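A.B. asks: Need a 3D model of the sequence below.
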Amino acid sequence: MSLREATVADLDGIMAIERASFLGDAWSAAVMEADIASPHTWYVVWEEGAGIRGYAGLRAPSGSADADVQTIALAADARGRGQGRTLLRALLSEATRRGAREVFLDVRDDNTAAQSLYVSEGFVPIGRRPNYYPADGGVDAIVMKLDLRGWVAHHAKTDAAAPGQEWCT
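C.D. replies: Sure, this is the predicted structure:
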């Protein structure tokens, strides 16, 4: 697994996963390109072999106390192997580097695997957006928040107890 910062040159690979993962709720290529190029965001791609197997994006404007996970997506055959956690932790590390104190995200009410991942990293539900995902019959979004300082402190302790175990790249 190789993580690196995404560039606009990665757009085709990112959009292939975006369209397959989010169907009717997928972002357009123009919106994704603008987000990748924005100075207020940071995107990372996971490469394996000759292609992009996953990506994730963070919105964290300079000087802001909060950040937002924009998206995390993996190729269908790459799910369930811990790569989503690796991408999420890369985003949280970048949010820390940018000085954020809290991180927010929206997750589909019917995506229990993603919810479990987020809760295991310390996110807590704080609200609900009814009918947020209209393409699939109006699925609600659960709004979640993470105290980033607590997350960093937790990982500083657990990573020190497990030398050689990188929690971010």
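
A.B. asks: For the host helix or strand of His155, buried residues please.
C.D. replies: In the assignment (DSSP states H and E), His155 maps to helix 148-161. Residues 148, 151, 155 are the ones in helix 148-161 that count as buried (16 or more other Cβ atoms under 10 Å). Every C-beta, even on glycine, is put in place using the N, C-alpha and C of the backbone.

A.B. asks: again with stretch 17-26
C.D. replies: Using 16+ other Cβ under 10 Å as the test for burial, stretch 17-26 gives 17-18, 21-22, 26.

A.B. asks: if we can go back for a sec, would you list the buried residues of helix 148-161 in JSON lines and tack on pLDDT and distance to Gln115?
C.D. replies: Supplementary listing: the buried residues of helix 148-161 in JSON lines, determined by pLDDT from 0 to 100; distance: Cβ to Cβ, whole Å:
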{"residue": "Leu148", "pLDDT": "93", "distance to Gln115": "19"}
{"residue": "Trp151", "pLDDT": "91", "distance to Gln115": "17"}
{"residue": "His155", "pLDDT": "80", "distance to Gln115": "20"}
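
A.B. asks: In JSON lines: those residues, plus distance to Val139.
C.D. replies: Compiled in JSON lines, the buried residues of helix 148-161 are given as follows (distance: Cβ to Cβ, whole Å):
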{"residue": "Leu148", "distance to Val139": "27"}
{"residue": "Trp151", "distance to Val139": "27"}
{"residue": "His155", "distance to Val139": "31"}
